[in-house]
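1. just coords:
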């Protein structure tokens, strides 16, 4: 009975490993969402291992009386669902700054911790499209809350 159990576990393990799909070495594009006014971000992904990558996002925003930027970094694990569909999850954080033109608020620098979960489709051409959900926990006077960001990503792979 123990041998049968070990053989079954080994078969399941080999099957799950054989379905693994390697990810692109690099991809760059846009992540279009809405978190604290940072609607569009330039997004770069770099593969670290076969199914792990680092994602860096830089967002900036100008308003009538403020300017701001946000830089985030996430470590992601990628799993194949079927064919060219993958899902991923990750964790990371970042920092940002707001600069206000009027005296109503002081300038603010903030830090945040973030999680990430999403689904992506890897086209046969070097195009990757994704939809993800990123909760962020902010630490700062102006931004000390939880934000929930849903975004669409479009990236060129190379």
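-> Noted; the coordinates are in hand. Predicted, not measured: the structure shown is a model, and the values here were computed from it.
2. pLDDT weak spots in the chain?
-> Along the chain, the parts satisfying pLDDT under 70 run over 1-21, 35-38, 104-105, 142-143.
3. any idea how far stretch 33-47 is from the chain center?
-> In terms of C-alpha atoms, centre = their mean, to the nearest Å, the centre of stretch 33-47 is set 8 Å apart from its chain centre.
4. swap in stretch 118-134?
-> Distance, centroid of stretch 118-134 to centroid of chain: 11 Å (C-alpha atoms, centre = their mean).
5. could you do stretch 82-90 as well?
-> 13 Å.
6. buried ones in it?
-> 86, 88, 90 (16 or more other C-beta atoms under 10 Å). C-beta coordinates here come from the backbone N, C-alpha and C atoms, glycine included.
7. who touches it?
-> Contacts with stretch 82-90, where a contact means C-beta atoms under 8 Å, 6 or more residues apart in numbering, come from 21, 23, 55, 74-81, 115-124, 132.
8. residues contacting stretch 103-114, please?
-> Residues from elsewhere that reach stretch 103-114 (C-beta under 8 Å, 6+ apart): 65-66, 72, 74, 91-100, 134-144.
9. sorry, back to before: of the buried residues of stretch 82-90, which belong to strands?
-> Using DSSP state E, the subset of the buried residues of stretch 82-90 located in strands is 86, 88, 90.
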